[in-house]
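Asks: got a predicted structure plus its sequence, pasted below:
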Amino acid sequence: MSAEDITLFALHASREFGERVSAHLGIPLSDHEEREFEDGEHKSRPLVNVRGRDVFVVQSLYSDLQQSVNDKLCRLLFFIGALRDASAQRVTAIVPYLGYARKDRKSQPRDPVTSRYVASLFEAVGTDRVVTLDVHNLAAYQNAFRCHSDHLEARKLFVRYFAGLVQDAEVVVVSPDVGGIKRAEQFRQALSRVLDKAVSTAFLEKYRSKGVVTGEAIVGDVKNRVVIIIDDLISTGTTMARAAKACHGLGAVKVYAVASHGVFVGAASQALGDQALEKIVITDTIPPFRLDPALVKEKVVILDAAALFAEAIKRIHSGGSLVELLDI
């Protein structure tokens, strides 16, 4: 089957990302309607025939100035339901950033496991497959869904970016906490293979109590090295800023912060504006609209994840391998 057999939608809130996916696929976005009612309710529907079609819907689930993550989730679910009622053969939700994925366990008595509830909502409206990028906890994501769930990784994008940048430098990949060691190690191994030289590793201690993060001890050597601190997302920026200051204080030559998702809430602009950070490298799953525009221009590098999702759509449609897509 060819790309022409795919029907691709992007809801309004993710139109720009959807257009980039569309361009990489070489097929247009299909028309749809999103209608607002005076009482705050809304409806969404396809404006093309989807009967028997392989349908993909793009919607990134984060809050912005127009819609909350809850609004976006409801609109996506309702639209998927409308597609199923219109006899789409298969419906795949393309969710570059999956909201609520961080709430994947009970950290306190009677806590909700919200990621599992969100998965149930997708299943309830008839979603056949969910595709997202670099969730906080891969095992929790895979266990939450009973429908197909595919997990893409930005590691290859980051390796390509840094391969030419640090070719002649001594490099150390740092995890900002113990929980991210596996992610950092996978990135370290991939970067080492591409550079064809040894890349070292380190991690920081991190303690969180009532929202306050402490701990600055580093296990590993960062002196006279280019440091790449890698995480799945940057929220307030305090974790990255703390790690960057610690590495800089121990003699790091340059410090880069790397994350798949730039959430950037609260005082992130102040935290990430520290001189200890050379650059902040993210993907385009969430636009950095909350950051100071001057900081974005000076320090933020945004890598294109839309091409990765476009290729994943092609392979899902044709039965190709996503494992080979992610190999480095």
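Replies: Structure received.
Asks: just for the stretch 201-328 of the chain, where's the confidence low?
Replies: Flagging of the stretch 201-328 of the chain using pLDDT under 70 yields the residue ranges 206-216.
Asks: ok, now with 50
Replies: Applying pLDDT under 50 to the stretch 201-328 of the chain flags no residue at all.
Asks: ok, the residue located most distally from the centre of the chain to residue 66 distance?
Replies: No residue in the chain sits farther from the centre than residue 38, which is 33.5 Å out by Cα atoms, centre = their mean. For residue 38, the distance to residue 66 (Cβ to Cβ, to the nearest Å) stands at 17 Å. C-beta: built from backbone N, CA, C; applies to glycine.
Asks: can you show me the helices along this structure?
Replies: Applying DSSP state H to the chain gives helices spanning 15-25, 69-85, 114-124, 138-144, 155-165, 181-195, 238-249, 268-272, 293-299, 306-318, 322-326.
Asks: identify the residues contacting the first one?
Replies: Here helix 15-25 makes contact (Cβ atoms under 8 Å, 6 or more residues apart in numbering) with 3, 6, 8-11, 28-29, 58, 60, 94, 96, 284-285, 287, 304, 306-307, 309-311, 313-314.
Asks: can you give me the buried ones in it?
Replies: Within helix 15-25, the residues that count as buried by 16 or more other Cβ atoms under 10 Å are 17-18, 20-22, 24-25.
Asks: from the residues you listed, which is closest to residue 204?
Replies: Within those, the smallest distance to residue 204 is 32.1 Å, found for residue 17 (Cβ to Cβ).
Asks: roughly how far does that closest one sit from residue 76?
Replies: The spacing between residue 17 and residue 76, counted by Cβ to Cβ, is 13 Å.
Asks: overlap of the contact sets of the two?
Replies: Shared contacts of residue 17 and residue 76, defined by Cβ under 8 Å, 6+ apart, are absent.
Asks: specify the beta-bridge partners of residue 132.
Replies: As for beta bridges, residue 132 partners with residue 95, residue 151 under DSSP bridges.
Asks: I figured it hits residue 100, correct?
Replies: No: if you go by Cβ atoms under 8 Å, residue 132 and residue 100 don't touch, sitting 11.5 Å apart.
Asks: who touches the spatially closest residue to residue 83 that is not a sequence neighbour in this structure?
Replies: Excluding the flanking residues, the one nearest residue 83 by Cβ to Cβ, 6 or more residues apart in numbering is residue 91, at 5.0 Å. By Cβ under 8 Å, 6+ apart, residue 91 lies in contact with 55-57, 80, 83-84, 126-129.
Asks: possible to save the residues you listed as TSV with distance to residue 277 and pLDDT?
Replies: Below are the contacts of residue 91 laid out as TSV (distance: Cβ to Cβ, whole Å; pLDDT from 0 to 100):
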residue	distance to residue 277	pLDDT
55	41	98
56	36	98
57	36	98
80	39	98
83	43	98
84	46	98
126	44	97
127	39	98
128	41	98
129	37	98
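Asks: nothing else from me, thank you.
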